[in-house]
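**Student:** Sequence plus predicted model, see below.
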Amino acid sequence: MEFKYEETVINIETIIAELESGELTLEEVFKKFSIAVEDLQKCEYFLTQGQKQMNLLIETLEDDF
């Protein structure tokens with residue numbers, strides 16, 4: 001399954017809104033919070049990998065000039 005950053009961010013925002021609504025049971029809060037943390041970790045990994053790739057490309061450009 002392909003990771004989609006934008007969709008994951010929307011999912012996190014939806015979960016935050018649900019948590020802030022105060023309408024969830026405590027069990028639902030724990031479950032939603034857990035999902036949000038997992039999604040945040042996926043986003044962080046995606047961004048870190050993208051940054052590493054950009055740094056390598058910049059180094060390649062600098063080496064060429």
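**Tutor:** Arrived safely.
**Student:** longest helix of this structure?
**Tutor:** helix 26-64 (DSSP state H).
**Student:** Packing partners of it?
**Tutor:** helix 5-21 (3 or more CB pairs under 8 Å, 6 or more residues apart in numbering; DSSP states H and E). For glycine as for every other residue, the C-beta is placed from the backbone atoms N, C-alpha and C.
**Student:** about what we covered before: got the buried residues for the longest helix of the chain?
**Tutor:** Of all the residues in helix 26-64, those buried under the rule 16 or more other CB atoms under 10 Å are 32, 36, 39.
**Student:** out of those, who's nearest residue 3?
**Tutor:** Checking the buried residues of helix 26-64 against residue 3 with CB to CB, the nearest one is residue 39 at 10.1 Å.
**Student:** quick revisit: how far off centre is the longest helix of the chain?
**Tutor:** When C-alpha coordinates are averaged (CA atoms, centre = their mean, to the nearest Å), helix 26-64 and its chain have centres 6 Å apart.
**Student:** Can you check what angle separates that helix from helix 5-21?
**Tutor:** If you take axes from the mean of the first three to the mean of the last three CA atoms, to 10 degrees, helix 26-64 sits at 150 degrees to helix 5-21.
**Student:** Next, name the residue at the spatial heart of the chain.
**Tutor:** Note on the chain: the residue nearest the mean C-alpha position is residue 43, at 2.3 Å, using CA atoms, centre = their mean.
**Student:** mean confidence score for the longest helix of the chain?
**Tutor:** Helix 26-64 carries an average pLDDT of 95.
**Student:** check contacts around the closest residue in space to the residue nearest to the centre of the chain that isn't next to it in sequence.
**Tutor:** Nearest residue to residue 43, sequence neighbours excluded (CB to CB, 6 or more residues apart in numbering): residue 8, at 5.7 Å. Contacts were defined as CB atoms under 8 Å, 6 or more residues apart in numbering; by that measure residue 8 touches 39, 42, 43.
**Student:** Residue 8 and residue 45, how far apart?
**Tutor:** Residue 8 sits 11 Å away from residue 45, going by CB to CB, to the nearest Å.
**Student:** The nearest residue to residue 5 once chain neighbours are set aside and residue 22, how far apart?
**Tutor:** Distance criterion CB to CB, 6+ apart; nearest residue to residue 5, sequence neighbours excluded, is residue 46 at 5.5 Å. Residue 46 sits 31 Å away from residue 22, going by CB to CB.
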